[in-house]
Every structure is written in structure tokens, then in C-alpha cells.
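**Student:** this is the structure alone, sequence omitted:
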């Protein structure tokens with residue numbers, strides 16, 4: 001695969017930018033039965049659409065939340081079946097089975113949903129991931145803003161983590177950013193976005209990633 005011709009500027013040709021002035025908020029590892037509905041409530045109050053990178057086994061566990069994500073106009077992204085970080089090293093056949101199974105689980109609940117994106121568990125990209133994702137019609141997406149809301153061991157919990165998330169996003173976000181966050185078992189992320197969304201909407205357009213994927217970036221350089 002020619003990464004310079006067919007891909008974005010992130011690891012292994014994944015996309016780190018929306019390609020427009022709008023920024024995309026992405027929430028990984030759900031759905032979560034408590035925190036995902038709370039995130040959805042905050043987004044709804046602020047009139048913001050986002051992208052949810054969902055895990056297949058949790059999709060099956062919480063179909064009503066998947067229906068709500070879809071019905072409220074948010075985008076769905078494939079985040080693998082069980083979030084195994086090493087999946088990208090298991091070969092294309094195993095990856096294809098995993099990603100196809102996740103798409104099938106989503107479509108069993110919302111048959112008309114566009115699943116135009118894939119994000120590697122842990123951001124642990126490989127060439128095989130990118131190849132299979134594109135074969136299945138999905139754009140590989142990474143991020144350019146990571147507030148590390150997953151790293152409570154380092155940044156703590158409660159208001160300390162909430163303030164950290166707010167500070168990182170406010171200092172690093174720029175037009176076109178793809179922001180990484182997590183909804184699964186992350187109540188501090190929900191609290192952070194209650195404060196962040198008014199700040200973000202006053203300064204940027206916010207968008208769900210569009211159906212059909214993102215176009216190749218001509219400026220892309222090979223990742224080494």
C-alpha cells in the first residue's frame with residue numbers, strides 16, 4: 001500500500017485530521033451503560049454530534065445505547081470486537097474476521113448505520129489493520145489531541161482528572177483536530193465535557209465524522 005497516495009498523516013497512514021475547519025470529538029471503548037448515556041445527554045444539550053468508537057462485545061450487551069447513538073445523529077466507528085491491543089499482529093484473516101464481526105453486530109441493531117471508520121485498539125496500528133479496514137470500506141482514524149483520560153494512574157481521578165482533560169483539550173485543539181476521549185467507565189470525562197462543550201462550541205464547529213470516510217491527504221508522509 002502506498003501510504004503517501006492513499007492515506008492520512010498519522011501512524012501507518014491513519015487520519016489525524018478532519019480535513020475541514022471542524023473538529024471531531026471521538027469517544028472510545030463503549031458503550032458504557034452509565035457513562036455513554038450521560039455523554040449523550042451533554043452532547044444533546046449543546047447540540048453537538050460526535051463519533052463513538054465502539055467495541056463489538058459491548059455493542060451486543062447494550063443495543064439500546066447503540067440505537068440511541070445512531071438515532072441522535074452521531075457516527076459509529078468500529079473499535080474491534082474485544083479491544084485486544086495485539087490484534088493487529090494476528091494476520092489479515094483474523095483481523096478481517098474481528099472487524100467484520102463487529103460491523104455485523106452493529107448492523108444487527110441499526111441496519112442502516114454507516115460504519116465508515118476504524119480505530120485500532122490502543123492506537124497500535126499495523127499495515128494489516130489499515131489494509132483490512134480499507135477493504136471493508138472504513139477509513140482508519142487516529143487523533144491529534146489525547147488528554148489521556150484513560151491514564152488515571154498518572155493523572156488521578158475526580159476533579160484533578162477533569163481539570164487535566166479540560167486543560168489539555170483547550171491548549172491543544174485546533175481547526176480540524178480529532179480529539180480522543182473515552183466513555184467506558186470514565187465519569188471524569190463526562191464531567192470534563194460539561195465544562196468543555198460550551199468553550200468548544202463558542203470557538204469551533206464540531207462535527208461527527210462524515211459517512212463515507214475521509215479523503216486522502218495529499219500532504220501525507222510515510223510513517224516510520
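**Tutor:** Structure's in. What do you need? Not measured: the values here are computed from a predicted model.

**Student:** in this structure, which spans are strands?
**Tutor:** 24-30, 51-54, 75-78, 117-118, 139-140, 178-182 (DSSP state E).

**Student:** could those be laid out in a markdown table, adding distance to residue 102?
**Tutor:** (Each C-beta comes from the backbone N, C-alpha and C, glycine too.) Listed next are the strands of the chain as a markdown table, based on distance: least, C-beta to C-beta, whole Å:
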| stretch | distance to residue 102 |
| --- | --- |
| strand 24-30 | 13 |
| strand 51-54 | 8 |
| strand 75-78 | 5 |
| strand 117-118 | 9 |
| strand 139-140 | 14 |
| strand 178-182 | 17 |
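
**Student:** residue 154: which of the ones you listed is closest?
**Tutor:** strand 178-182 (14.5 Å; C-beta to C-beta).

**Student:** what's the closest one in contact with?
**Tutor:** 15-18, 23-30, 141-147, 149-150, 165, 169, 173, 189, 193, 209 (C-beta atoms under 8 Å, 6 or more residues apart in numbering).

**Student:** just to revisit the earlier point, and the strands of the chain: which comes nearest residue 65?
**Tutor:** Between the strands of the chain, strand 24-30 lies closest to residue 65; by C-beta to C-beta that is 7.4 Å.

**Student:** give me the below-cutoff pLDDT ranges for the chain.
**Tutor:** 1-6, 217-224 (pLDDT under 70).

**Student:** which helix is the longest one in it?
**Tutor:** helix 92-109 (DSSP state H).

**Student:** from the contact counts, what lies against that one?
**Tutor:** Contacts defined by 3 or more C-beta pairs under 8 Å, 6 or more residues apart in numbering; DSSP states H and E place helix 92-109 against helix 56-61, helix 63-71, strand 75-78, helix 127-135.

**Student:** columns mean neighbour count and distance to residue 114 on top of the ones you listed, output as TSV?
**Tutor:** Formatted as TSV, the helices and strands packed on helix 92-109 follow (neighbours: other C-beta atoms under 10 Å; distance: least, C-beta to C-beta, whole Å):
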stretch	mean neighbour count	distance to residue 114
helix 56-61	19	15
helix 63-71	18	9
strand 75-78	24	7
helix 127-135	20	14
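
**Student:** can you redo those as TSV with distance to residue 91?
**Tutor:** Listed next are the helices and strands packed on helix 92-109 as TSV, based on distance: least, C-beta to C-beta, whole Å:
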stretch	distance to residue 91
helix 56-61	19
helix 63-71	28
strand 75-78	18
helix 127-135	7
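
**Student:** looking at those, spot the one closest to residue 84.
**Tutor:** Nearest to residue 84, of those and by C-beta to C-beta, is helix 56-61 at 10.8 Å.

**Student:** where's residue 76 relative to residue 182, distance?
**Tutor:** From residue 76 across to residue 182, the span is 16 Å (C-beta to C-beta, to the nearest Å).

**Student:** cool, and residue 212?
**Tutor:** 26 Å.

**Student:** neighbour-wise, which of those two wins?
**Tutor:** Comparing residue 212 with residue 182 by other C-beta atoms under 10 Å, the one with more neighbours is residue 182, at 21 against 10.
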